[in-house]
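**Q** Structure for this input, please:
(chains A and B)
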Amino acid sequence: MHYWRLERSAWKPGLTQLHDLGLPIVETYVPWQVHEVAPGEYDFGKTDARKDIGAFIDIAAELGLLVFVRPGPHINAEMTYFGLPERIVYDRACQARSPRQNPVIQGFPPRMFPVPSYASRTFFDELGRWYDAVGEVLAPRLWPSGPIVLFQIDNEASYYFRDAAYDQDYHPDAVADWRKFLEKRYGNLANTSAAHSTKYARWDDAKPPERFSAETPEELVVHLDWATFREDMIASSLGRMKRRLGKAGLRGPVTVHNFPLGDQGAVMSSPALEKVVDLVGFDYYHARRDHRTIKRRTLYLAGTHPLPYAPEMGVGAPAWFTPLANEDSLFTVLVALAYGLRGFNLYMAVDRDRWYGAPIDARGNPRVEAGAWKHLITTLTEIGFHKLSRRAEVGLMLPREYARLSKATSLLGFFSPTVIEALGGNPVQACREDTFGFEGPIQVLWWKFLARFADALTAAGVPYVYVDGDVASERLEALRALITPSYELCDPARWKRVTAFAENGGTVVYGPAMPGLDLSAKRTLFEVPSGARRVYIDTDDDARGVVHDLVCELPLAQPFPVRPAPLETSVHEDESGPRVLFIINPTKRSVTAEVDVPAEMTFEDLLCGERFEGRGTVSVPMKGWSCRMLSLRGEAKRSSESGTAVAS
Amino acid sequence: MISASLSFEGFDSRSWANLLSLFAPNVMHRMTTEAVNSDAPEVEEEAAPGRRGTLVIVLDDRERVLKALHTIEGRIKDLEYEGADSLEAMAERWGAARCIVLREGVVEEISERVAHRIERGDDYVSQLLTTARAVREMSEAGLLLSWPRPLEHVPIPTIGMVRRALDSVLPEDRAVVFVIWNRSAPWTGLVLRRNGSEIDLVAGPDLIARWTGPLGGDWRRDYRVIGDAVERAVAPVHLGIYTDLATVRELLRGYEPGAWARAVAVRDIIVHPTPPYVAVALGADAVRKAAAESARWLGGIDAIGQLAPLARYLRGRFTEIASVTATLGFDPLKLLSIWLRRQEEQEALTDQADEEE
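**A** Next up, the predicted model:
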């Protein structure tokens, strides 16, 4: 709910209705641009009552709401200059730079603008003053004496959607940081020269690459370093922002960051970011046709992060975005819940400027859509959905080093892997097809390898998750099998985690190649994971065959099989057994789902109350693009041998 | 022309979708089309589906293919580039509606040029024109080829030309209103306001309802209430278009001569007030209708065409005053209807491909 965009008289009705939806927390940005009336001068309600963020938070607290605050500096929020003061974005010292030292332009309406540099010292000096000012208002309202329990650091850290590998940042401060990064990585200039297959006479010679130029594995190293540095720059900048917030008195609440759409193409490792903030989540703005994407993103969150969370679960959208109906939003949240989402922020709950489709209008009146959201949230609360878990025994590993290679080799400039993925493509879609002396184009093949296994696991009804290659070993403990693409080039640290997983009794499936080169393209001895299976996946059938073998040999659970394809089920359980079953119809056509159950069972649709009974099979009619959330009732039983389970 | 503080408000998801379904039907159609059934789709030449999406080919300096992809169907392996004259044939072969061939680095070059040229204070339209010019430069240098090229011979207008066109459509400190009813209730609506030289308000049905209060349910009467309310709350109305859903769908998708003029005459659509350029457009529409009819009656003799010198003179007088067509160099109504029809044809092809699948 954006307090500054609403009449003050709408605050209380809006917050009341929001609370009535069953939401326990209200979230708001705090835009620097809105509160700064002159350089170093801020209005928090003294002149304009709509800017009284303190009063807004106090009203929320009176109504029993907790508060989630996002003070930027970047907030997007469809604001001109993404919520930054105009003087900041047009300050040359603050601006990110292109290879030719031009500013880097963000193209969203109603104004294109030069984006700030995540490395600029001047920008951070200015930001410190903003944080000090907003800190004075917010610090007295922090939990436990106040309602503020969550803080977001910055927003959608994707270099303002100008995140192609060679878009930015060539700001002098960024270039200085690049050299420090190399020194830390390689120890000295001689080692750096050796790694980059060149001769740097002094550090000033170690310039960042301005375009992709590699033809051999050795020449790839500088580009992979650049991709890693750009991830590092975002993480260290957010870390700096967090420390600066702390200095402004804003210390204590849980810190959050959100990835926009296109997360697999993003210039950021979410596990690395989780070392900076407490909670990393993805924003969801999807239509019903995007089932596959919703599933993939949620399975990534479920496999990579301890709390799968959506800092923005789109309800409506900005006018210049893909048009979304309320049915799209409801389908998206149900499918995300089905695959393991455990928390979400309805964005927007209350309508506002440059937005359409929120369930509460800008005067605080509920729209007709509010009823469905209230029913859903109430139901989730009543069944204690957050306490349930979705068991997955198989992990598909996304190697970060191959993702970096994909970013470096993407050919469409501004249309970066993030942008292409956000537009409905995939993060390797625009990568060049060169092989660089390897057996094949790694930057394209790794994604295809995983896609084939994802389809094979889905077809077999085996629950799985995606795990980021950067995750700590503890995140792999719940898995029984780990499937990872592997090629000649590999990150030794990641491979060690893979071999450790095998040593601890897990089954590793890798292929097609056994790695032999580290990230400096140096020949390295990689250990073969204990008992691992090396596979060559050239067709979809190859992947199906491997999955079939795993299912038979391990064996793997295939709970609540459903026909016809491509319908899917997803079961959530607690210590007593399965409690909630989702049936998902990802197609446009209506169809009857035939769900296999091992005994007489009753399903009850938790949202519409319909009941379905059966012995051996339960038939459930499914509309096109629909997802049912069903409670399970039947004989108490659990059978790990058959991989099926029945609720009590 | 577009205010930095542009306000867009008053739409729920239905009214916004309804508005888009009229003016961007392909966008709405795409939202209800099933996505490709793979996270890493690939397309084979023989298996190319119906004409949709774009074939994108990236070449290096030696015209070696670095990448080929179909924006919907996915990766293309081993595509052979056959030269600048082959774009249409390649699009056909790979089941694409468009084909773009670009040299490596062209997108980056466009980005650099735009960044170098955009200045603080530039309006969004001006920024878009700067971008369009950079793209055109790449095209003229042969580094960016595309098929089809419907705007190949259309000069990129200057910001002054666009402003003059806007002056005709929506003069300073005036509003335009567009409301469509479905039976007795507004189905969607739009109010645009020009505040000084800039458009600063895009308002939807929620806001319009707040200004009007409850309506009677008969749109042929309610339109006056809306016009008056907008006048009070926003600005004097320069152009108001009020109609029902069936009529507007028919009018926007057809380009039958005289259809607009006839709809206005029988009050299937109410245009109030009627600025000069709309009167000209409606008059021209009626003339076109008469020309078509007379040619049919007279066995192909274009009677109205014989009066061309007089018609040209009269039309010239009008355009001196307010003709958007003269300012822009094309007939926007005609372009809109052709564009919508083309989108519908595209949708039909996509549906056909889906069914065949």
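
**Q** could you pull out the strands for chain B?
**A** Applying DSSP state E to chain B gives strands spanning B:2-9, B:54-59, B:65-70, B:74-75, B:98-103, B:144-147, B:174-182, B:185-195, B:198-203, B:237-244, B:269-271.

**Q** What residues does the stretch 101-250 of chain B have near chain A?
**A** B:104-108, B:110-112, B:114-116, B:118, B:120, B:122, B:124, B:127, B:131, B:202, B:204, B:206, B:210 (C-beta under 8 Å from any C-beta of the partner chain). The way it works is simple: take the backbone N, C-alpha and C, and place the C-beta from them, glycine included.

**Q** Residue A:504: neighbouring residues, count only.
**A** The burial count assigned to residue A:504 is 11, neighbours taken as other C-beta atoms under 10 Å in any protein chain shown.

**Q** residues in contact with it?
**A** Contact criterion C-beta atoms under 8 Å, 6 or more residues apart in numbering or on different chains gives residue A:477 as the residues in contact with residue A:504.

**Q** And the helices in the stretch 201-350 of chain B?
**A** When assigned using DSSP state H, counting those that start in this stretch, the helices of the stretch 201-350 of chain B occupy the ranges B:205-212, B:219-233, B:245-253, B:259-265, B:276-297, B:303-306, B:308-321, B:324-328, B:332-356.

**Q** For the closest residue to residue A:301 other than its chain neighbours, which residues are in contact?
**A** If you skip the residues right next to it in sequence, residue A:301 has residue A:308 as its closest partner in space, 3.7 Å away by C-beta to C-beta, 6 or more residues apart in numbering or on different chains. Residues in contact with residue A:308, defined by C-beta under 8 Å, 6+ apart, are A:281, A:298, A:301, A:302, A:340, A:341, A:342, A:343.

**Q** filter the residues you listed to the buried ones?
**A** Restricting the contacts of residue A:308 to buried positions leaves A:281, A:298, A:301, A:302, A:340, A:341, A:342, with burial counted as 16 or more other C-beta atoms under 10 Å in any protein chain shown.

**Q** Which helix or which strand is home to the third one?
**A** In this assignment (DSSP states H and E), residue A:301 forms part of helix A:291-304.

**Q** Need the contact partners of that helix.
**A** Outside helix A:291-304, the residues within contact range by C-beta under 8 Å, 6+ apart are A:263-264, A:270-271, A:281-282, A:284, A:286, A:308-309, A:331-332, A:335-336, A:339-341, A:390, A:392, A:395-396, A:398, A:424, A:454, A:464-468, A:471, A:475, A:584, A:586, A:625, B:35, B:37, B:39.

**Q** Can I get the buried part of the residues you listed as one PyMOL selection?
**A** Of the contacts of helix A:291-304, the buried ones go into a single PyMOL selection, burial set by 16+ other C-beta under 10 Å:
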select buried, (chain A and resi 263+264+270+271+281+282+284+286+308+309+331+332+335+336+339+340+341+390+392+395+396+398+424+454+464+465+466+467+468+471+475+584+586+625) or (chain B and resi 35+39)
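
**Q** Helices - which of the contacts of helix A:291-304 land there?
**A** Secondary structure defined by DSSP state H assigns A:270, A:271, A:331, A:332, A:335, A:336, A:454 of these to helices.

**Q** out of everything not next to it in sequence, what's closest to the fourth one?
**A** To tie it back to what came earlier, the one meant is residue A:332. Computed as C-beta to C-beta, 6+ apart, the closest residue to residue A:332 that is not its neighbour in sequence is residue A:286, at 4.6 Å.

**Q** ok, now which ones touch that neighbour?
**A** For residue A:286, the contacting residues are A:293, A:294, A:314, A:324, A:328, A:332, taking C-beta under 8 Å, 6+ apart as the criterion.

**Q** With distance to residue A:137 and pLDDT added, can I get the residues you listed in a markdown table?
**A** Below are these laid out as a markdown table (distance: C-beta to C-beta, whole Å; pLDDT from 0 to 100):
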| residue | distance to residue A:137 | pLDDT |
| --- | --- | --- |
| A:293 | 39 | 96 |
| A:294 | 37 | 97 |
| A:314 | 29 | 97 |
| A:324 | 34 | 94 |
| A:328 | 37 | 96 |
| A:332 | 34 | 98 |
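
**Q** quick one: which of the residues you listed is nearest residue A:131?
**A** Distance to residue A:131 across these (C-beta to C-beta) is lowest for residue A:314, with 28.2 Å.

**Q** which phi and psi does that closest one have?
**A** Geometry field for residue A:314 lists phi and psi as phi -60, psi 120, criterion degrees, to the nearest 10.

**Q** Please report the distance of it from chain B.
**A** Using C-beta to the nearest C-beta, to the nearest Å, residue A:314 is found at 10 Å from chain B.

**Q** How about residue A:444?
**A** Distance from residue A:444 to chain B, by C-beta to the nearest C-beta: 7 Å.

**Q** does that residue sit in a helix, a strand or a coil?
**A** Using DSSP: H, G, I helix; E, B strand; the rest coil as the criterion, the local structure at residue A:444 reads helix.

**Q** returning to what we had before: and the pLDDT at the residue nearest to residue A:301?
**A** The predicted local confidence for residue A:308 comes out at a pLDDT of 96.

**Q** what's the answer for the one 10 residues further on, then?
**A** In the predicted model, residue A:318 carries a pLDDT score of 94.

**Q** residues contacting the closest residue to residue B:138 other than its chain neighbours?
**A** If you skip the residues right next to it in sequence, residue B:138 has residue B:144 as its closest partner in space, 4.1 Å away by C-beta to C-beta, 6+ apart. Taking C-beta under 8 Å, 6+ apart as the contact definition, residue B:144 lies against B:100, B:101, B:102, B:103, B:106, B:135, B:138.

**Q** Please repeat the previous calculation with a cut-off of 7 Å.
**A** For residue B:144, the contact set (C-beta atoms under 7 Å, 6 or more residues apart in numbering or on different chains) comprises B:102, B:106, B:135, B:138.
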